[in-house]
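Participant: Okay, sequence plus prediction incoming.
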Amino acid sequence: MGITKLADLIRNNAPGAIAHKQISDYTGKIIALDTSIIVNQFRTAVHTMPHLSPLTGLFFRTLAFLEWDIKPVYVIDGRPPEEKRAELERRAQNAGWNSPPRPRSNAVSSQTQDCLRLLKLMGVPALIAPGDAEALCAHLAKTGVVDAVASEDMDTLAFGGSLLLRQLNAKRDSDVTEFCLSKILEMLQLSQKEFVDLCILLGCDYCDKIGGLGPTRALSLIKKHRTIESVSHNINRKTHPVPLSWTYQRARNLFLESLQVATPELEWKEPDEEGLVGFLCMEKHVIKMDRILGRMEKFRKSRETKRKEREEAKAAGKSTQTGIKDFFRVTRKRQAVEAVCHGKEKQRKTK
């Protein structure tokens, strides 16, 4: 679910924090992707096209990102926090399940194993988050490991993700919606902590919300009173009932606490074409061999064409994008990270 109506609130109150771009605008960028969003999109498509598999979609979309010289970093959900249990149960009931699947502490589902194996064969890095994927994605953006986060969940911003991309679906003419966190905070005149409290008032996955509060009212209350504690003491509890045993503090901590994880060493390699044929065609039987080989041939030609276009543009002084010779290599660590949304390049050094 993410944050209820947060996108609408930003469009109405901080429109300058939103930009509309195309996939080509992210050439040369490192982007963390919330993998569950992508897999669920393809799982939904499978119901209307039974011959497809989420692995099929992941294969084709990843190749499209690589063609655009985008370095994808796939982030996979780990064990969900206990605070999300009620939300998972609600989703399970809506889906007709008796109870939501509850992963064991060290268990990796067969679907996750398949995704990890596919991504390894494609030569792109994949990380398993300690909890929700969007929290790790946001952490990677905050610490300068990636340039942006691609997800449909708006709570990426509540976790502190500096740049959120929605509808990044690898199509040339798609409209990518870019949300810049620093501009959102500036235009709403809120600190990050106040913004998190606003998100909790709007409704999030980790706790209940005060009843009867719409986006406009929630924003006005947080701007006037600055904290959830003060808001709850200054509202009419008959018209806006406060949940009993409200655990908003735990939700706030989840959003604000920094993840204690090591900085990952990211590496991109050439796709293993023979391995991909063996896995997707011979083992999983989700794509026919001629289709895999045909797409890989198109990938190589398209990549070469785009390489020449970048070289010609660079020679003409029109571009400073990285050449294809720099594409498949260990990612560069940043010495200092400047605001992406202010249009400044991040300083990096090759490790």
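Facilitator: Noted; the coordinates are in hand. Numbering: from 1, shown residues only.
Participant: In which helix or strand does the residue nearest to Glu273 when sequence neighbours are not counted reside?
Facilitator: Leaving aside its chain neighbours, Glu273 sits nearest to Met296 (5.2 Å; criterion: C-beta to C-beta, 6 or more residues apart in numbering). Heads up, the C-betas are built off the backbone N, CA and C, glycines and all. When secondary structure is defined by DSSP states H and E, Met296 falls within helix 289-315.
Participant: List the buried residues in that helix.
Facilitator: Buried residues in helix 289-315, defined by neighbour count with 16 or more other C-beta atoms under 10 Å: Ile292, Arg295, Phe299, Arg303, Lys306, Arg310.
Participant: tell me, how many neighbours does Asp197 end up with?
Facilitator: Neighbour count of Asp197, defined by other C-beta atoms under 10 Å: 28.
Participant: List the contacts of it.
Facilitator: By C-beta atoms under 8 Å, 6 or more residues apart in numbering, Asp197 lies in contact with Ile222, Arg226, Thr227, Ile228, Val231, Tyr248, Arg252.
Participant: tell me the average confidence for stretch 273-287?
Facilitator: Stretch 273-287 shows a mean pLDDT of 95.
Participant: From the rest of the structure, what touches it?
Facilitator: By C-beta under 8 Å, 6+ apart, stretch 273-287 touches 52-53, 55-56, 59, 114, 117-118, 121-122, 288-289, 292-293, 296.
Participant: cool, and stretch 229-236?
Facilitator: Asp197, Leu201, Ile210, Leu221, Ile222, His225, Val242, Trp246.
Participant: How much space separates Thr27 from Pro243?
Facilitator: From Thr27 over to Pro243 the distance is 46 Å, taken as C-beta to C-beta, to the nearest Å.
Participant: Asp153 too?
Facilitator: Counting by C-beta to C-beta, the gap from Asp153 to Pro243 is 22 Å.
Participant: Compare neighbour counts for those two and give me the winner.
Facilitator: Asp153 (24 against 13).
Participant: How is Gly28 assigned, secondary-structure-wise?
Facilitator: coil (DSSP: H, G, I helix; E, B strand; the rest coil).
Participant: Can you get me a residue count around it?
Facilitator: Neighbour number of Gly28 under other C-beta under 10 Å is 17.
Participant: correct me, but it touches Trp68?
Facilitator: No: applying C-beta atoms under 8 Å as the test, Gly28 and Trp68 come out as separate, 9.1 Å apart.
Participant: just to revisit the earlier point, how far away is the residue nearest to Glu273 from Arg217?
Facilitator: As judged by C-beta to C-beta, Met296 and Arg217 stand 54 Å apart.
Participant: Give me the contacts around stretch 186-194.
Facilitator: Contacts for stretch 186-194 (C-beta under 8 Å, 6+ apart): 13-14, 16-17, 160, 185, 195, 198, 219, 222-223, 226-227, 252, 256.
Participant: cutoff 10 Å now
Facilitator: Contact with stretch 186-194 is made by 9-10, 13-17, 157-158, 160, 180-182, 184-185, 195-198, 219, 222-223, 225-228, 252, 255-256, as judged by C-beta atoms under 10 Å, 6 or more residues apart in numbering.
Participant: What separates the first and last residues of it, distance-wise?
Facilitator: Distance between the boundary residues of stretch 186-194 (C-alpha to C-alpha, to the nearest Å) amounts to 12 Å.
Participant: buried stuff in it?
Facilitator: Leu188, Leu190, Gln192, Glu194.
Participant: Report the secondary structure state of the second one.
Facilitator: This means Leu190. Here Leu190 is recorded as coil under three-state DSSP.
Participant: Mind checking which of the contacts of stretch 229-236 land in helices?
Facilitator: Using DSSP state H, the members of these that fall in helices are Asp197, Leu201, Leu221, Ile222, His225.
Participant: For Ser230, I want the exact helix or strand it lies within.
Facilitator: Ser230 belongs to helix 228-233 when assigned by DSSP H and E.
Participant: So, low pLDDT: which residues of this structure?
Facilitator: Along the chain, the model assigns pLDDT under 70 to residues 1, 43-52, 83-107, 170, 318-351.
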